[in-house]
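Peer 1: Sequence and predicted structure are below.
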Amino acid sequence: MKPEVRRPKSQIRELVETVGSAVLIAAFIMIFIARAYTVNGDSMLPTLHHGERLLVDKISYRFVDPSRGEIIVFKNPSDTDEQFVKRVIGLPGDEIAIVQGVVYINGQPVEEDYTLAPARIGFTSQIVPEGTYFVLGDNRNNSEDSRFGRVGFLPRSLIIGRAVWRYWPLNQMDLMFPPKVFESFAL
């Protein structure tokens, strides 16, 4: 019996297999694990600026709930082709109000040092419904957020992920953590 002789793979076949594998791995990462996101607009000033790039973690919210103060990317409820980046302020069951520019969570004022200016448009006290979140932009006077009907209370199912790392521009590179003020609101 003669041993079978294997021919070496052609360079074209090796290239196709390598590129195909890379595309499959990249697609898997983008669909299930993380995704790059470019900030569009000024609604998160001064925290995030137009054109900055973020790495968005898409997997952790499969295991844990969003927390107050986290910056998230989500599909706009009134146009799911559009994506927004905002900060989680209210969790399901929280009572949220904005009175004379001050945000209240469960009757307690939030001392926000991360916003551009106090909100000129308020929000009548309401309970965040189960399965939804109350989100605001840090630039309260230039942000389409949960105060307005086009966004409203954000269904959990529309949350894409949590911003974990600003990687561009390089001189602004840093990890994204909730402001310390939200530690006093821990459950």
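Peer 2: Ah, there it is.
Peer 1: rest of the way, CA atoms for contacts and neighbours
Peer 2: Noted.
Peer 1: packing partners for the biggest strand by length in the chain?
Peer 2: Assignment by DSSP state E gives strand 79-90 as the longest strand of the chain. If you count contacts as 3 or more Cα pairs under 8 Å, 6 or more residues apart in numbering; DSSP states H and E, strand 79-90 packs onto strand 71-76, strand 132-136.
Peer 1: can you pull the contacts of the residue nearest the centre of the chain?
Peer 2: Against the mean C-alpha coordinate of the chain, by Cα atoms, centre = their mean, the closest residue is Ile72 at 1.8 Å. By Cα atoms under 8 Å, 6 or more residues apart in numbering, the contact list for Ile72 reads 56, 85-88, 159-163.
Peer 1: Spatially nearest residue to it (excluding sequence neighbours)?
Peer 2: Spatially, and ignoring its direct neighbours in sequence, Ile72 is nearest to Arg162 (4.4 Å; Cα to Cα, 6 or more residues apart in numbering).
Peer 1: Can you show me the CA trace of the helix or strand following the longest strand of the chain as PDB?
Peer 2: Downstream of strand 79-90, the next assigned helix or strand under DSSP states H and E is strand 95-99. The C-alpha trace of strand 95-99 is given here as PDB (Å, rounded to 0.1, in the frame of the first residue of the first chain):
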ATOM      1  CA  GLU A  95     -38.800  58.000  41.100                       C
ATOM      2  CA  ILE A  96     -37.200  60.600  38.800                       C
ATOM      3  CA  ALA A  97     -37.800  64.300  38.700                       C
ATOM      4  CA  ILE A  98     -36.000  67.400  37.400                       C
ATOM      5  CA  VAL A  99     -37.000  70.600  39.200                       C
END
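Peer 1: For the protein, which segments are assigned as helices?
Peer 2: 11-28 (DSSP state H).
Peer 1: Point to the helix or strand of it where mean pLDDT is at its lowest.
Peer 2: In the chain, no helix or strand scores lower on mean pLDDT, DSSP states H and E than helix 11-28, which sits at a mean of 74.
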